[in-house]
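**Student:** here's my sequence, what's the structure:
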Amino acid sequence: MADDEKNPAREVITDYAQANFRYFRTADGTVYAQKNGHPVARPIRSQGTTGSHRQELMVGLYRDGVGVFNGTALKEALDLIEALALTEDVQPVHIRVAPGFDGATWLDLGRDDGRSVRIHPTGWEITIPDPREVCWRRTQLTGELPLPAKDTDGKGIDLLLGLCNFATAETECLALAWLIGCLGPSVPVPAPFLTGPQGAGKSTGGRMLVRIVEGMSGDLRRAPKDEENLIAAVAAGWVTALDNLSHMTPDLSDAMCCIVTGAENVKRALFTDGDVFRARYRRPLLLTGIDVGVIRPDLAERLLPLRLERPRVRRTEAELWNEYAEALPVILGSLLDLTVKVRAVEAETPTDLRMADFAHLCAQLDAATGFGALAAYRASLDDLNDDVIEGDLLAQTVLRHAADIEPGTGQRMTSTEWLHCLSRLYSGEDFRPLPKGWPTTGKVLSDRLKRLQPTLAARGVLIDSGRTREGRYIEMTRSPATPLHEQQAF
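**Tutor:** Coordinates of the predicted model:
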């Protein structure tokens with residue numbers, strides 16, 4: 001062949017790549033490569049040491065006898081492919097769980113052959129998804145799951161509950177509801193907080209719950225020191241598990257609220273002046289610890305306390321985890337059977353709870369099994385409200401003041417007047433000094449009361465605000481449905 005008839009190396013690479021890979025972009029403009037017939041997609045700009053598309057392309061060119069090419073030719077070819085892919089249709093990529101067609105959802109088993117689980121209200125099956133229906137993104141945190149067992153007759157649920165040290169039947173059904181929620185990509189689920197006495201197996205129980213979804217490589221982590229590192233860890237996996245929490249700063253509390261219900265993080269793209277990188281995230285979160293101190297009201301609405309008890313018989317780590325690994329296919333199969341059963345039933349959605357999707361899931365679980373998950377969820381929220389009130393002197397003072405308000409009536413004052421009123425009530429006749437953290441201005445008081453609104457409403461005290469010609473006001477109303485003796489308890 002004459003030299004002028006030879007194709008440049010970049011064109012050879014481009015032709016090979018377009019024949020063997022599918023290229024597309026996501027909503028944020030990132031271009032991904034997907035090998036024909038395989039559901040796993042890799043960003044073409046990834047420079048990771050393992051599993052990058054650049055390496056995948058180089059290996060394919062060599063094994064198919066096309067040749068070995070230098071870095072310049074590969075870079076020029078990938079630049080052209082990226083430019084062409086920006087004109088293609090937008091398709092999302094997913095980690096571990098994904099929505100599918102016809103009301104189905106998918107669970108990535110993390111296997112090299114791409115086999116995944118399709119979950120539908122009519123049943124579940126193990127198959128390779130159509131790449132145009134589901135595109136999986138994998139990271140170093142994506143562990144491999146075993147093939148789930150069929151026809152388990154619920155044995156896996158009994159095996160799981162036998163391995164964990166849950167204190168009550170209510171705790172068990174809430175743990176199952178959370179696991180079912182983790183298999184739904186569009187259902188925000190509250191964060192289980194595994195608590196109990198020392199030696200109750202909180203960390204072990206947390207690992208067991210996480211590994212049902214993340215595989216045997218899933219593990220617990222220490223809480224990152226800042227929000228950026230926490231978000232990076234969250235974005236790389238599906239379930240994020242933080243171990244042995246003993247204190248929760250306001251920033252960490254706010255970050256956890258965003259993780260549970262969803263948020264977006266925007267930061268400057270590397271090596272650019274004007275471009276930004278958008279990261280959307282909403283992930284299941286799991287926490288363990290004996291006590292984290294004062295819980296902020298907005299986080300309390302997003303928590304799911306699961307109490308454990310000390311086991312009567314101790315076993316070695318090796319014995320326990322060998323038994324768990326053997327049981328995991330049956331546990332996963334039983335969980336999938338239960339998920340199908342729950343999704344097939346209809347139930348009313350409770351309208352008075354913040355996490356309405358999870359409350360609806362609990363109602364479906366009750367309709368399918370009769371477990372009583374919704375009542376257990378309501379009771380857990382009541383317990384958390386008590387914890388919030390016990391740790392907040394302002395909330396206690398507001399409830400003391402509200403006990404003197406006639407049921408069904410309200411009291412309206414400015415924020416400054418409310419501050420003086422509540423401060424006098426707390427100080428009392430002996431002029432007790434105000435505690436550290438007490439509001440110092442009317443504006444601070446107004447912000448604190450807004451944060452406490454759900455907690456106080458659960459105790460029959462409604463906080464509202466507005467504006468008249470004279471200025472802004474805060475109105476406190478005592479619900480007529482709450483008996484007086486419940487208010488006087490605080």
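
**Student:** how about the helices in the stretch 151-300 of the chain?
**Tutor:** 155-163, 169-182, 202-214, 227-235, 250-261, 297-300 (DSSP state H, counting those that start in this stretch).

**Student:** now the last one: average pLDDT?
**Tutor:** The average of the pLDDT scores along helix 297-300 is 85.

**Student:** list the contacts of the very next helix or strand once past it.
**Tutor:** The helix or strand immediately downstream of helix 297-300 is strand 303-307, counting by DSSP states H and E. The contact list for strand 303-307 (CB atoms under 8 Å, 6 or more residues apart in numbering) reads 166-168, 171, 174-175, 178, 189-196, 205, 287, 295, 377, 380, 383-384. (Each C-beta comes from the backbone N, C-alpha and C, glycine too.)

**Student:** helix or strand next in line after strand 303-307, which one?
**Tutor:** In N-to-C order, the element after strand 303-307 by DSSP H and E is helix 317-343.

**Student:** give me the element Arg467 is part of.
**Tutor:** strand 461-468.

**Student:** could you list the paired strands of that strand along with their orientation?
**Tutor:** strand 471-478 (antiparallel) (DSSP bridges).

**Student:** adding distance to Ala359, write the helices of the stretch 151-300 of the chain out as JSON lines.
**Tutor:** Converted to JSON lines, the helices of the stretch 151-300 of the chain look like this (distance: least, CB to CB, whole Å):
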{"stretch": "helix 155-163", "distance to Ala359": "22"}
{"stretch": "helix 169-182", "distance to Ala359": "10"}
{"stretch": "helix 202-214", "distance to Ala359": "20"}
{"stretch": "helix 227-235", "distance to Ala359": "24"}
{"stretch": "helix 250-261", "distance to Ala359": "14"}
{"stretch": "helix 297-300", "distance to Ala359": "15"}
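
**Student:** and those, which one is worst for confidence?
**Tutor:** Sorting the helices of the stretch 151-300 of the chain by mean pLDDT places helix 227-235 lowest, at a mean of 79.

**Student:** show me what counts as buried in it.
**Tutor:** By neighbour count on 16 or more other CB atoms under 10 Å, the buried set for helix 227-235 is 227, 230-231, 233-235.

**Student:** among those, which two are most distant?
**Tutor:** Longest distance between any two of the buried residues of helix 227-235 is 12.3 Å, between Glu227 and Ala235; criterion CB to CB.

**Student:** tell me how the chain divides into domains.
**Tutor:** The chain breaks down into these domains under automatic domain parsing: 7-85, 97-137, 155-385, 392-487.

**Student:** now the ones you listed as JSON lines including distance to Gly143?
**Tutor:** JSON lines is the format used below for the domains of the chain (distance: least, CB to CB, whole Å):
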{"stretch": "domain 7-85", "distance to Gly143": "14"}
{"stretch": "domain 97-137", "distance to Gly143": "6"}
{"stretch": "domain 155-385", "distance to Gly143": "3"}
{"stretch": "domain 392-487", "distance to Gly143": "37"}
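
**Student:** so where do the strands sit in the stretch 301-450 of the chain?
**Tutor:** For the stretch 301-450 of the chain, the strands defined by DSSP state E, counting those that start in this stretch cover 303-307, 410-413.

**Student:** pick the most deeply packed of those.
**Tutor:** Mean neighbour count (mean count of other CB atoms under 10 Å) peaks for strand 303-307 among these, with a mean of 24.

**Student:** how far off helix 169-182 does that one point, in degrees?
**Tutor:** Inter-element angle recorded for strand 303-307 and helix 169-182: 140 degrees (by axes from the mean of the first three to the mean of the last three CA atoms, to 10 degrees).

**Student:** strands paired with strand 303-307, and their directions?
**Tutor:** Applying DSSP bridges, one finds strand 303-307 paired with strand 191-195 (parallel).

**Student:** residues in contact with the strand it pairs with?
**Tutor:** Against strand 191-195 from outside (CB under 8 Å, 6+ apart): 174-175, 178, 202, 205-206, 209, 256, 259-260, 284-292, 302-308.

**Student:** could you do stretch 370-388 as well?
**Tutor:** 169-171, 173-174, 176-177, 294-297, 300-301, 303-305, 350, 353, 358-359, 362-363, 365-366, 395, 452, 455, 458-459.
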